[in-house]
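In: fold the stuff below for me.
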Amino acid sequence: MDANANLNPKVGMEFDTLEDAWEFWVKYGRQVGFDVRKHYINKITNIFWADARMVIDYANFGDVVTFDTTYGTHKKLRPLRVFTGFNHHRGLTIFGAALLYDEMVESFKWLFESFLVAYASKRPKTIFTDQEPAMAKALSEVMPNTYHGLCTWHIMQMG
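Out: Residues are numbered from 1 along each chain as shown. Just a heads-up that it's a prediction; the model follows:
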């Protein structure tokens with residue numbers, strides 16, 4: 001950056017590199033009287049995936065789904081959440097999987113909406129989950145006509 005350059009920012013300014021933009025911002029801050037710093041946030045994002053086999057299995061066996069979030073005890077690792085069910089041989093079938101950044105209502109809403117996009121809006125008749133309040137709220141908003149039940153293991157833990 002030219003030492004004699006005009007340090008007044010303008011809408012539409014362009015820089016050749018990110019470093020040039022940063023240098024301008026630092027010099028402008030000094031001229032005007034404020035300090036600048038870089039701050040990075042490592043924010044693991046929400047991810048949902050389903051492959052072709054999962055889509056086919058869900059079309060055939062997706063009336064009852066279990067959504068397991070019990071592995072959510074180690075917050076830093078953002079554990080895997082899995083949508084599962086059973087096929088006609090009582091074999092475990094995976095319908096989808098997710099990594100969530102957090103367990104907030106908005107993240108669960110995004111997940112359930114993404115699930116419905118992947119499955120052409122076909123909602124399960126019943127979904128079994130744990131008793132996570134944010135998930136229950138998101139389910140009631142995104143899939144209001146789906147019966148939401150607690151899995152047996154969680155019911156037994158309450159007693």
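
In: all strands for the protein, in order.
Out: For the chain, the strands defined by DSSP state E cover 47-49, 64-68, 80-86, 92-99, 126-129, 147-150.

In: gap between the fifth one and the chain center?
Out: Looking back up the chat, that one is strand 126-129. When distances are taken as C-alpha atoms, centre = their mean, to the nearest Å, strand 126-129 is centred 19 Å away from the chain's centroid.

In: give me the most central residue, the chain.
Out: Centroid-nearest residue in the chain: N46, 2.5 Å away (criterion: C-alpha atoms, centre = their mean).

In: which stretches of the chain form helices?
Out: In the chain, the helices defined using DSSP state H lie at 18-32, 52-61, 105-118, 133-142, 152-158.

In: nearest to L7, out of these?
Out: With C-beta to C-beta as the criterion, L7 lies closest to helix 18-32 of those, at 4.8 Å. (Glycine included, C-beta is placed from N, CA and C.)

In: got any ranges where the chain has weak pLDDT?
Out: For the chain, residues meeting the criterion pLDDT under 70 lie at 1-6, 40-43, 70-78, 151-159.

In: try it again at 80.
Out: Counting by pLDDT under 80, the ranges of the chain that qualify are 1-7, 36-44, 69-79, 131, 150-159.

In: still on that earlier bit, what's the closest of the helices of the chain to A98?
Out: Ranking the helices of the chain by proximity to A98 (C-beta to C-beta) places helix 105-118 first, at 5.4 Å.

In: residues making contact with the closest one?
Out: Outside helix 105-118, the residues that touch it by C-beta atoms under 8 Å, 6 or more residues apart in numbering are 46, 48, 50, 55, 81, 83, 96, 98, 100-101, 122-123, 132, 134-135, 137-139, 141-143.

In: tell me the angle of it relative to strand 92-99?
Out: 130 degrees (axes from the mean of the first three to the mean of the last three C-alpha atoms, to 10 degrees).

In: could you check the angle helix 52-61 makes with helix 105-118?
Out: Using the same axes, to 10 degrees, helix 105-118 lies at 90 degrees relative to helix 52-61.
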